[in-house]
Each structure stands twice: as structure tokens, then as C-alpha cells.
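Chemist: attaching a predicted model along with its sequence, questions to come.
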Amino acid sequence: MKFLVLIHVLSAIIGVGPTFFAHVLLRKKQTLEELRMSLRVGSRLEIFPKIGGTIAVLTGLLLIWLGDYGSIMQIWLIGSLVAYVIIQIIAIGFATPNQKKLGGWVLDPSNQKATSLPGEQLLLWAKARNYFYAASTVGVILFIFMIIKPS
């Protein structure tokens, strides 16, 4: 059981972790070249939430099923699941599409000589960053639920 808890915690950190610094990759006051590099790094990190998040959910459900945690209707369990779903909705449904559209323009070879972003791309940049801030905030709530759960 301890091994399953270890796998669950590690996969949760790996799965939600990139959300906590995605807004750092999209930080303000970076050059267009720095933004290009940040978007490349961000695209490589997308695999971690997909794999880690899936493993975290599966191991979490296994822990509930195999463990002695009581009813699934406890506030920390429901809160954790709801927070995780909200993170996914924000990240996959809102932040990533804006980030991908921004990356489409920034990484387009025809725009490599540009030194600044047009207004539409600036808006996409701000939206993606703000959505990642929101996902990070919900991520903190998720970890609070997981830490304060009854023993």
C-alpha cells in the first residue's frame, strides 16, 4: 500500500507540476526569442500531465478501493476530484489552445525576423498565462485537499 501511495504522490507531482510553471514560461517581459524558446520547452512538457495525471487518477481510485479511507463522499475526496477536473478543463480547454495559437505564429518560419508581437498574439499570450495562473491556483487547492485529508 505504501508503494501505491508513493506512485500516486509522485505521479500527482509529475502530472500537475508543469501547470505550476507554465505561466513562468509565458512570463511577461521576455524577448520574442525567449518566448520562442519557452514555447518549445512548454510543448515538450505536455507529456508529463498526460501520463502523470492519468496515473495519479488511477492510483487514487485504487487507493480508495483498496484502502481504508471511508466513503468516497468525503469532502477531501470530492474536492480533490473536482479540483483535478477543473485543472484539466482550464489547461486543456483554455490555456493550451491559446498557447498553441500563439506558438503557431511565434514559431512560424515566416515570422522569425519579427521583433515584437502583433496585438492578437499579445492577447493570446496574456490569456494563456492567466489561464495557467488559474490552473496553478486550483492545483494548490488540490494539494491542500490531499495533505489535510483525514488519516
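Modeler: Right, received. Where do you want to start?

Chemist: thought I51 was touching G15?
Modeler: Yes. Using CB atoms under 8 Å, I51 is in contact with G15, at 7.3 Å. For glycine as for every other residue, the C-beta is placed from the backbone atoms N, C-alpha and C.

Chemist: neighbour count: these two, which is higher?
Modeler: Taking other CB atoms under 10 Å, I51 and G15 do not tie; G15 has more neighbours (23 against 12).

Chemist: now the residue nearest to the spatial centre of the chain: which helix or strand?
Modeler: Taking CA atoms, centre = their mean, the centroid of the chain lies closest to T19, which sits 2.9 Å from it. Secondary structure from DSSP states H and E places T19 in helix 2-25.

Chemist: got the CA positions of that helix in PDB?
Modeler: This file holds the C-alpha atoms of helix 2-25, laid out as PDB (Å, rounded to 0.1, in the frame of the first residue of the first chain):
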ATOM      1  CA  LYS A   2       2.900   2.400   0.800                       C
ATOM      2  CA  PHE A   3       4.300   1.800  -2.700                       C
ATOM      3  CA  LEU A   4       0.900   2.600  -4.300                       C
ATOM      4  CA  VAL A   5       0.800   5.900  -2.200                       C
ATOM      5  CA  LEU A   6       4.400   6.700  -3.400                       C
ATOM      6  CA  ILE A   7       3.400   6.100  -7.000                       C
ATOM      7  CA  HIS A   8       0.300   8.200  -6.500                       C
ATOM      8  CA  VAL A   9       2.100  11.200  -4.900                       C
ATOM      9  CA  LEU A  10       4.900  11.100  -7.500                       C
ATOM     10  CA  SER A  11       2.500  10.900 -10.400                       C
ATOM     11  CA  ALA A  12       0.400  13.700  -9.000                       C
ATOM     12  CA  ILE A  13       3.500  15.900  -8.700                       C
ATOM     13  CA  ILE A  14       4.700  15.000 -12.200                       C
ATOM     14  CA  GLY A  15       1.100  15.300 -13.600                       C
ATOM     15  CA  VAL A  16       0.200  18.700 -12.100                       C
ATOM     16  CA  GLY A  17       3.800  20.000 -11.700                       C
ATOM     17  CA  PRO A  18       4.100  21.500 -15.200                       C
ATOM     18  CA  THR A  19       1.000  23.600 -14.600                       C
ATOM     19  CA  PHE A  20       2.800  25.400 -11.800                       C
ATOM     20  CA  PHE A  21       5.500  26.800 -14.000                       C
ATOM     21  CA  ALA A  22       3.700  27.100 -17.400                       C
ATOM     22  CA  HIS A  23       2.900  30.700 -16.600                       C
ATOM     23  CA  VAL A  24       6.600  31.200 -15.800                       C
ATOM     24  CA  LEU A  25       7.400  30.000 -19.300                       C
END
